[in-house]
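[1] test case, fold it:
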Amino acid sequence: MTTTDTDSATPPPFGRTAAAMITPFTADGALDLDGAQRLAVHLVGEGCDGLVLSGTTGESPTTTDAEKEALVRAVAEAVGDRALITAGVGTSDTRHSVALARAAERAGAHGLLVAAPAYSCPGQGAVAHHLRTVADATGLPVMLYDIPGRTGTGTALAADTLLRLAEHPRIRGVKDCAYDLMKTAKVLATTGLAYYAGCDEQALPLRAAGAVGCVSTVANAAPREVRAVLDAYDAGDPAGATRRYLRLVPLIAAMMGTEHPGAVTAKALLTMLGLPAGPVRAPLLAAGPEVTSALAAALKTAQQ
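    From the prediction side, this is the model:
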């Protein structure tokens, strides 16, 4: 594939400011489809043009296949064509991921998010085969999820693997949580893959390096503020983008820089804001009062 100009008129394949949306649950822990629809409409109205469902922030390890499919269907119905919906379908079992991918396509997803399998310790050739097999299973574009810290075995997607996968017609992007700028730059320089910062602290740095946008956990609570960083940069105001980015840093640190995963901190803030969230599912535990107070203070700083 040839190199893509990230400033061209071609729209990013999974949106530009995509929220890694939490999965709302009712007070008794059941899937809250009405809440998911209301939250999705809110996020889109506040500036998110993409929604990533059933990722880690969406607590995908503790939702069932039926819940995942119902979630995509409900959110697609709620937001229509106002945002691109990407469904997380990554598992440790290739057959299971294929089944989830086909279910997501039936339910109305616009794209798929697929990570390397966890715990099986596959080599790079096996990882590439897994990802190609999922990409072959539907007609949807695929965003590869490069997040070695979440695979259980530290399996990163090697640069050469990404270069080979970029030749697949439906593998269109990468959610980058690998913290390997040299690898990212090499792939950006030699492929047409659309890169997304998957770690909020990297949204502006990776945009400056050629990424097209971000998949943001922080956008659950501060969608306008996350989008404003990219808007300023793309409007030719890097100094303004930097100011907005640095204002977000305390919130990013509060939400993503502690022992509490993003699903926990995002749900704490959404509950405080009166938006659908509900409890987290075990083994996650809810944020306590001290953590919630720190989150609230950081959000106030980000919104100044």
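
[2] which strand or helix spans residue 66?
    Residue 66 belongs to helix 65-79 when assigned by DSSP states H and E.

[3] buried sites along stretch 293-304?
    For stretch 293-304, the neighbour count (16 or more other Cβ atoms under 10 Å) marks 294, 295, 298, 299, 302 as buried. In this view, the C-beta of every residue, glycine as well, is placed from N, C-alpha and C.

[4] just to revisit the earlier point, what packs against the helix holding residue 66?
    helix 33-45, strand 50-53, strand 84-88, helix 94-107 (3 or more Cβ pairs under 8 Å, 6 or more residues apart in numbering; DSSP states H and E).

[5] pipe these into JSON lines and attach mean pLDDT, mean neighbour count and distance to residue 221 per row.
    Below are the helices and strands packed on helix 65-79 laid out as JSON lines (pLDDT from 0 to 100; neighbours: other Cβ atoms under 10 Å; distance: least, Cβ to Cβ, whole Å):
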{"stretch": "helix 33-45", "mean pLDDT": "98", "mean neighbour count": "19", "distance to residue 221": "10"}
{"stretch": "strand 50-53", "mean pLDDT": "98", "mean neighbour count": "30", "distance to residue 221": "15"}
{"stretch": "strand 84-88", "mean pLDDT": "98", "mean neighbour count": "28", "distance to residue 221": "20"}
{"stretch": "helix 94-107", "mean pLDDT": "98", "mean neighbour count": "19", "distance to residue 221": "26"}
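
[6] among those, which comes closest to residue 256?
    Smallest distance to residue 256 across the helices and strands packed on helix 65-79 (Cβ to Cβ): 15.5 Å, for strand 50-53.

[7] list the strands paired with that closest one, with their directions.
    strand 17-20 (parallel), strand 84-88 (parallel) (DSSP bridges).

[8] tell me which of the ones you listed lies nearest to residue 286.
    When those are ranked by distance to residue 286, counting by Cβ to Cβ, first place goes to strand 17-20 at 18.9 Å.

[9] avg pLDDT for the closest one?
    Across strand 17-20, the average pLDDT comes to 98.

[10] I'd like the distance from that strand to the chain centre, please.
    Remark: strand 17-20 is offset 6 Å from the chain centroid, using Cα atoms, centre = their mean, to the nearest Å.

[11] quick one on the thing from earlier: a markdown table for the strands paired with strand 50-53, including distance to residue 146?
    Formatted as a markdown table, the strands paired with strand 50-53 follow (distance: least, Cβ to Cβ, whole Å):
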| stretch | distance to residue 146 |
| --- | --- |
| strand 17-20 | 15 |
| strand 84-88 | 14 |
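
[12] nearest to residue 266, of those?
    strand 17-20 (8.4 Å).

[13] distance check, the residue nearest to residue 47 when sequence neighbours are not counted against residue 33.
    Among residues not flanking residue 47 along the chain, residue 227 sits closest, at 3.9 Å (Cβ to Cβ, 6 or more residues apart in numbering). The gap separating residue 227 from residue 33 is 26 Å, by Cβ to Cβ, to the nearest Å.

[14] just checking, residue 42 touches residue 274?
    No: assessed by Cβ atoms under 8 Å, residue 42 is found out of contact with residue 274, at 10.4 Å.

[15] you'd agree residue 233 is up against residue 241?
    Yes: using Cβ under 8 Å, residue 233 is in contact with residue 241, at 3.8 Å.

[16] hang on, the earlier thing: how distant is the helix holding residue 66 from the center of its chain?
    16 Å.

[17] show residues contacting it.
    With Cβ atoms under 8 Å, 6 or more residues apart in numbering as the test, helix 65-79 has contacts from 21, 23, 31, 33, 36-38, 40-41, 44, 51, 53-54, 58, 60, 63, 85, 87-88, 99-100, 103-104, 106-109.

[18] can you give me the buried ones in it?
    Residues 67, 68, 69, 70, 71, 72, 73, 74, 75, 76, 78, 79 are the ones in helix 65-79 that count as buried (16+ other Cβ under 10 Å).

[19] export the helices and strands packed on helix 65-79 to JSON lines and append columns for distance to residue 267.
    As requested, the helices and strands packed on helix 65-79 are exported to JSON lines (distance: least, Cβ to Cβ, whole Å):
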{"stretch": "helix 33-45", "distance to residue 267": "11"}
{"stretch": "strand 50-53", "distance to residue 267": "15"}
{"stretch": "strand 84-88", "distance to residue 267": "17"}
{"stretch": "helix 94-107", "distance to residue 267": "23"}
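
[20] which of these sits closest to residue 214?
    strand 50-53 (9.3 Å).

[21] touching both of residue 233 and residue 241, which residues are there?
    residue 204.

[22] rewinding a little: and which of the buried residues of stretch 293-304 is nearest residue 279?
    Proximity of these to residue 279 (Cβ to Cβ) peaks at residue 295, which lies at 16.2 Å.
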